[in-house]
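Trainee: All I have is the shape, not the residue letters:
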């Protein structure tokens, strides 16, 4: 297997026009419009991309449609020319190396199987082109089929398989090649929700069996969080943050990452950060929240001063409270969504909407479940408030 290095990678499409897509972010009610940089050379689809994917690491590119993640993957594969920058695989410069000579295998969104060939023939095809001995081909195909649980389908044609089975075949075709790097471009996006969850679990098992280097593209942040050793969050052709799933969830670098990662998304609201003799308060028109000592210490460490900010609190880090509790916020339940073990409560407080994720067993008062229209009191968990600069949108801490 191999390390993949991307140094100052840039992709420019000459004379191209920016597509102004108005698709909604899956985790946000706000519309995400393309803001790709347009220069006299053309549209900059990817810029200043720097990343090292370590040997046997699983790295996921995630972001909204049109952010440049698939373009970056295609540059690694050699399906897109690199405008500037350098790409190294296993320490070798690959900018001008043909895709077939890069020792990579790519799994596509649409499976790309030959309909007139059996599953066995699809998986064996590239090995036959390389004139690998028939006995070795048979061994590799059967080993991959056993790993993926598709041995019983080897004689079938793709049209006789379900979507999940076809995707297994496409992955098996990549495995038999034993490449240095596996590239996967939204391989689960054509599957239904239940099958997608099942295939995510299968991919987690697979990466430990295959023990390879994976670069995976998705627009689904749940996939990114569950699959990746590290996540690369992209927007408008630029990297927003690189980190482990826990790092980007607990410490988002900016407002975009905070809103993109997490389901339901982080509650964001305007406020005034006030410094008072070494401690910090977050003042809004409906509450004065004293920030936790750890948060105040971190703010003091970066020299934060009083300013208007955007604050964020994750729905999972909001607790129900009683009307008499100190620092409790009072609101009205607009909508309750029963999710099984939890309730997603949409609460209005002075015109600001909050989402709370509350255990179902706790979503009661006086022995009866809370209902839409009821008053509710809640408070933020200690050290749960994120603060972002209104101008730069960067995390203050």
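Mentor: Looks like it came in fine. In this text, all values refer to a predicted model and were calculated from it rather than measured experimentally.
Trainee: Got the phi and psi for the nearest residue to residue 186 once chain neighbours are set aside?
Mentor: Excluding its sequence neighbours, the residue lying closest to residue 186 (CB to CB, 6 or more residues apart in numbering) is residue 109, at 4.5 Å. (C-beta placed from N, C-alpha, C; glycine too.) Backbone geometry at residue 109, expressed as degrees, to the nearest 10, gives phi -60, psi -40.
Trainee: element containing the closest residue to residue 375 other than its chain neighbours?
Mentor: Of all residues not flanking residue 375 in the chain, residue 332 sits nearest, at 6.0 Å (CB to CB, 6+ apart). Element membership for residue 332 (DSSP states H and E) is strand 329-338.
Trainee: What distance do you get for the closest residue to residue 148 other than its chain neighbours to residue 107?
Mentor: Leaving aside its sequence neighbours, residue 148 sits nearest to residue 168 (CB to CB, 6+ apart; 4.5 Å). Distance of residue 168 to residue 107, computed by CB to CB, to the nearest Å: 10 Å.
Trainee: same deal with residue 152?
Mentor: Distance from residue 152 to residue 107, counting by CB to CB: 21 Å.
Trainee: Just want to know which of the two has more residues nearby.
Mentor: The neighbour comparison of residue 152 against residue 107 (other CB atoms under 10 Å) goes to residue 107, with 22 against 10.
Trainee: can you tell me which residues contact the more buried one?
Mentor: Counting by CB atoms under 8 Å, 6 or more residues apart in numbering, residue 107 makes contact with 167, 170, 171, 174, 182, 183, 184, 185, 187.
Trainee: By neighbour count, which of those wins?
Mentor: residue 167 (27 neighbours).
Trainee: ok, now which ones touch the closest residue to residue 63 other than its chain neighbours?
Mentor: In space, and not counting its chain neighbours, residue 63 is closest to residue 234: 3.7 Å by CB to CB, 6+ apart. Contact analysis of residue 234 by CB under 8 Å, 6+ apart lists 61, 62, 63, 67, 68, 69, 72, 240.
Trainee: Leaving aside the residues adjacent along the chain, what's closest to the fourth one?
Mentor: Residue nearest to residue 67 in three dimensions, not counting chain neighbours: residue 234, with 4.3 Å by CB to CB, 6+ apart.
Trainee: after the strand or helix carrying that neighbour comes which helix or strand?
Mentor: Secondary structure from DSSP H and E places residue 234 in strand 230-235. Counting by DSSP H and E, the next helix or strand C-terminal to strand 230-235 is strand 238-243.
Trainee: Return the subset of the contacts of residue 107 lying in helices.
Mentor: 167, 170, 171, 174 (DSSP state H).
Trainee: Out of the residues you listed, the closest to residue 116 would be?
Mentor: residue 170 (16.1 Å; CB to CB).
Trainee: Tell me, how many residues neighbour the closest residue to the closest one other than its chain neighbours?
Mentor: For residue 170, ignoring the flanking residues on the chain, the nearest one in space by CB to CB, 6+ apart is residue 111 at 4.6 Å. Look at residue 111: counted by other CB under 10 Å, it has 20 neighbours.
Trainee: picking that back up, list the contacts for the residue nearest to residue 148?
Mentor: Residues near residue 168 by CB under 8 Å, 6+ apart: 148, 149, 150, 202.
Trainee: re earlier: would you turn the ones in helices among the contacts of residue 107 into JSON lines with pLDDT and distance to residue 226?
Mentor: Below are the ones in helices among the contacts of residue 107 laid out as JSON lines (pLDDT from 0 to 100; distance: CB to CB, whole Å):
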{"residue": "167", "pLDDT": "89", "distance to residue 226": "17"}
{"residue": "170", "pLDDT": "92", "distance to residue 226": "20"}
{"residue": "171", "pLDDT": "92", "distance to residue 226": "17"}
{"residue": "174", "pLDDT": "92", "distance to residue 226": "20"}
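Trainee: so can I have JSON lines of those residues showing distance to residue 394?
Mentor: Shown next, in JSON lines, are those (distance: CB to CB, whole Å):
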{"residue": "167", "distance to residue 394": "39"}
{"residue": "170", "distance to residue 394": "40"}
{"residue": "171", "distance to residue 394": "39"}
{"residue": "174", "distance to residue 394": "39"}
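Trainee: who wins for most neighbours among the contacts of residue 234?
Mentor: Going by other CB under 10 Å, residue 63 tops the contacts of residue 234 with 29 neighbours.
Trainee: Relative to the helix or strand where residue 355 lies, what are the paired strands and their orientations?
Mentor: Using DSSP H and E, residue 355 sits within strand 352-359. Its sheet considered, strand 352-359 pairs with strand 342-349 (antiparallel) by DSSP bridges.
Trainee: Okay, angle between the partner strand and strand 329-338 too, please.
Mentor: For strand 342-349 against strand 329-338, the angle by axes from the mean of the first three to the mean of the last three CA atoms, to 10 degrees is 140 degrees.
Trainee: Just the pLDDT for the nearest residue to residue 318 once chain neighbours are set aside.
Mentor: The shortest distance from residue 318 to any non-neighbouring residue, by CB to CB, 6+ apart, is to residue 356 (4.7 Å). Note for residue 356: predicted pLDDT of 97.
Trainee: you'd agree residue 224 is up against residue 58?
Mentor: No: assessed by CB atoms under 8 Å, residue 224 is found out of contact with residue 58, at 10.5 Å.
Trainee: Which of the two has more residues huddled nearby?
Mentor: Ranked by neighbour count (other CB under 10 Å), residue 224 and residue 58 place residue 224 first, with 25 against 21.
Trainee: give the contact list for the closest residue to that one other than its chain neighbours.
Mentor: Spatially, and ignoring its direct neighbours in sequence, residue 224 is nearest to residue 62 (4.0 Å; CB to CB, 6+ apart). Counting by CB under 8 Å, 6+ apart, residue 62 makes contact with 69, 217-221, 223-224, 231-234, 260.
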